[in-house]
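Asks: Quick one, what's the 3D model for this:
(4 chains)
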There are 2 protein chains.
Amino acid sequence: MLDGEERTLVDRVVREVFALLLSSEIPLGGQLNEAALAARFKVSRGPIREAIKQLQGRGLVIKEPYLKARVVSLSLPDMIEIFQLREAVEGMSVRLATRAMSDSELDEMLDAFSAAREAGRAVDLDLHVRIAEGCGNDRIRALLCDELYYLLRLYRARSADRPGRREDAFTEHWQILRAMRARDGELAESLMRAHIGRATRSLETLLAQQAATTDQG
Amino acid sequence: MLDGEERTLVDRVVREVFALLLSSEIPLGGQLNEAALAARFKVSRGPIREAIKQLQGRGLVIKEPYLKARVVSLSLPDMIEIFQLREAVEGMSVRLATRAMSDSELDEMLDAFSAAREAGRAVDLDLHVRIAEGCGNDRIRALLCDELYYLLRLYRARSADRPGRREDAFTEHWQILRAMRARDGELAESLMRAHIGRATRSLETLLAQQAATTDQG
DNA sequence: TTTCGAAAAAGTGTTGACACTTTGACGGCA
DNA sequence: TGCCGTCAAAGTGTCAACACTTTTTCGAAA
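Replies: The predicted model follows:
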């Protein structure tokens, strides 16, 4: 959706506005002025309005009648909500993918994963996307790829990546892939839920620390 | 969202168009003509376009540039996808609600459930809505109440309800409520998943029968 | 000085007209 | 007869102007 060909102005505006969010030019929680965006992108307010509606549909923007649209705040509690949802949906996603993906598709994923590991590249989101695309349930794929992963990218673009989890994450991903290859959907599901659950608890810890700091100050 | 006050024309149009879908005036898979709807509701095409975008966001309408918007078909495979997603999300919903809801809220739900059972009223969707509202995760609540349950209502308005499952469903719901009251989130989650899983398999059986019939004819 | 209220400014909601794309029908050509 | 290109009709995409709501400003009264 993000990189598909653009047949209308609306599509282009959606992409450009999202880029604005990623680049921090518009801060989280900031406001979107229709007229200003229209002037910037050299289009009228119509396409801007539709683009905002679309971003609203993906949960990136919040809006009430007659009030300016606000970029979602993506506070820590927001992210915890998103991770709870991911834990449930991605568990199902990997279970379905374990049944639906062919041997060659899985092998290709394993190869790509090993290559990335050796190159030291992060593959986290890539892997989750591939699984969602392979699960065969288009509604689940759309929820993950067109909504939640957008929010995740936006969040990561803002919060400095905490290292340390990197090696653990590699191991966890590897186990998930092995379970898929062994066609053990149950195991793959619980590994995925544990994987995301760990990330959730890490966010909850962070939240508790923030609260403690705030109390002190 | 459906019954909130309406501050703009768009809100009214969304409600009216959804009523049109529920009443079968526009068939599943049918087309939405912007100009025709505008004439019918005595508004210009702008609000119609926004309403369609909003319905698209809820998965009720599918649209591509320059082509007429189509009402979602809600075929059996579509419903199976939706039920797979529900199984995952509602499992998490009831688990969170088990932790988040107060004793009095749970007791009230149990009372309402018993009353409905004696009166012979169906409470299926009601119960699921209450749980989603009580889970404390607004993103999950919105996904269930503002998207999936709309689709479910639409589907049920079209397909004659198969009886027989009614008594079983009562028992299953009762067990879920008991587990919540006992504050056993794990149990509540697996009961909910089993509950929805059974419905999913019933749909899959129906699909297999349809396929068989089609092959014969 | 502070508070309340009215008026102006800013911004979103709605509209009708025009531009572009798709679809289906018609006629020429093999 | 069947196929392909052209053209008209239907329908969606975009725009600029106007209507309504919200927010801010500013002045008068307590």
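Asks: Check which residues of the top helix by length along chain A are buried.
Replies: The residue-count maximum for a helix in chain A (DSSP state H) belongs to helix A:185-216. Buried positions in helix A:185-216, judged by neighbour count with 16 or more other C-beta atoms under 10 Å in any protein chain shown: A:185, A:187-193, A:195-197, A:199-200, A:203. All C-beta spots, glycine's among them, are computed from the backbone N, C-alpha and C.
Asks: Which residues of chain A lie near DNA strand D?
Replies: By C-beta under 7 Å from any atom of the strand, the part of chain A that sits against DNA strand D consists of A:T8, A:L9, A:V10, A:V43, A:S44, A:R45, A:G46, A:P47, A:E50, A:P65, A:Y66, A:L67.
Asks: Narrow these to just the buried residues.
Replies: A:L9, A:V10, A:V43, A:P47, A:E50.
Asks: List the residues that contact A:L206.
Replies: Applying C-beta atoms under 8 Å, 6 or more residues apart in numbering or on different chains to A:L206 gives the contacts A:L76.
Asks: Which pLDDT value goes with it?
Replies: We have a pLDDT of 91 for A:L206.
Asks: which one of the buried residues of helix A:185-216 is nearest B:I80?
Replies: The closest of the buried residues of helix A:185-216 to B:I80 turns out to be A:G185 (C-beta to C-beta; 16.4 Å).
Asks: and the gap between the closest one and DNA strand D?
Replies: Distance of A:G185 to DNA strand D, computed by C-beta to the nearest atom of the strand, to the nearest Å: 40 Å.
Asks: ok, which of the residues of chain A next to DNA strand D also contact DNA strand C?
Replies: Within the residues of chain A next to DNA strand D, those near DNA strand C by C-beta under 7 Å from any atom of the strand are A:R45, A:G46, A:P65, A:Y66, A:L67.
Asks: now, which of those lie within helices?
Replies: Reading helices off these with DSSP H, I get A:R45, A:G46.
Asks: Could you work out the most separated pair of the ones next to DNA strand C among the residues of chain A next to DNA strand D?
Replies: Going by C-beta to C-beta, the pair spanning these furthest: A:G46 and A:L67, at 19.2 Å.
Asks: mind giving me JSON lines with the residues of chain A next to DNA strand D and columns for pLDDT?
Replies: Listed next are the residues of chain A next to DNA strand D as JSON lines, based on pLDDT from 0 to 100:
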{"residue": "A:T8", "pLDDT": "89"}
{"residue": "A:L9", "pLDDT": "91"}
{"residue": "A:V10", "pLDDT": "92"}
{"residue": "A:V43", "pLDDT": "95"}
{"residue": "A:S44", "pLDDT": "95"}
{"residue": "A:R45", "pLDDT": "95"}
{"residue": "A:G46", "pLDDT": "94"}
{"residue": "A:P47", "pLDDT": "94"}
{"residue": "A:E50", "pLDDT": "92"}
{"residue": "A:P65", "pLDDT": "91"}
{"residue": "A:Y66", "pLDDT": "93"}
{"residue": "A:L67", "pLDDT": "94"}
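Asks: tell me the helices in chain A, going along the chain?
Replies: Using DSSP H, helices in chain A cover A:9-22, A:34-41, A:45-57, A:76-100, A:103-119, A:124-134, A:138-142, A:149-158, A:165-181, A:185-216.
Asks: and the longest one with helix B:76-100, angle?
Replies: Just to be clear, that refers to helix A:185-216. For helix A:185-216 against helix B:76-100, the angle by axes from the mean of the first three to the mean of the last three C-alpha atoms, to 10 degrees is 40 degrees.
Asks: residues near the closest residue to A:M101 other than its chain neighbours, how many?
Replies: In space, A:M101 comes closest to A:G134 once its chain neighbours are excluded; the distance is 4.3 Å by C-beta to C-beta, 6 or more residues apart in numbering or on different chains. Per other C-beta atoms under 10 Å in any protein chain shown, the neighbour tally for A:G134 reads 20.
Asks: again, but for A:R153
Replies: Taking other C-beta under 10 Å as the criterion, the count of residues near A:R153 is 15.
Asks: thinking it is in contact with A:L125, fair?
Replies: Yes: between A:R153 and A:L125 a contact is recorded at 7.3 Å, counting by C-beta atoms under 8 Å.
Asks: related to what we said a few turns ago, so which pair among the buried ones among the residues of chain A next to DNA strand D is furthest apart in space?
Replies: Checking those with C-beta to C-beta, the most distant pair is A:V43 and A:E50, at 10.5 Å.
Asks: Return every residue with contacts to both of those two.
Replies: Common neighbours of A:V43 and A:E50 (C-beta under 8 Å, 6+ apart) are A:V13.
Asks: Local confidence estimate at A:G59?
Replies: pLDDT, A:G59: 88.
Asks: so it sits right up against A:S73, yeah?
Replies: No: using C-beta under 8 Å, A:G59 makes no contact with A:S73, being 11.6 Å away.
Asks: More neighbours: those two, which one.
Replies: It is A:G59, of A:G59 and A:S73, that has more neighbours when counted by other C-beta under 10 Å, with 19 against 13.
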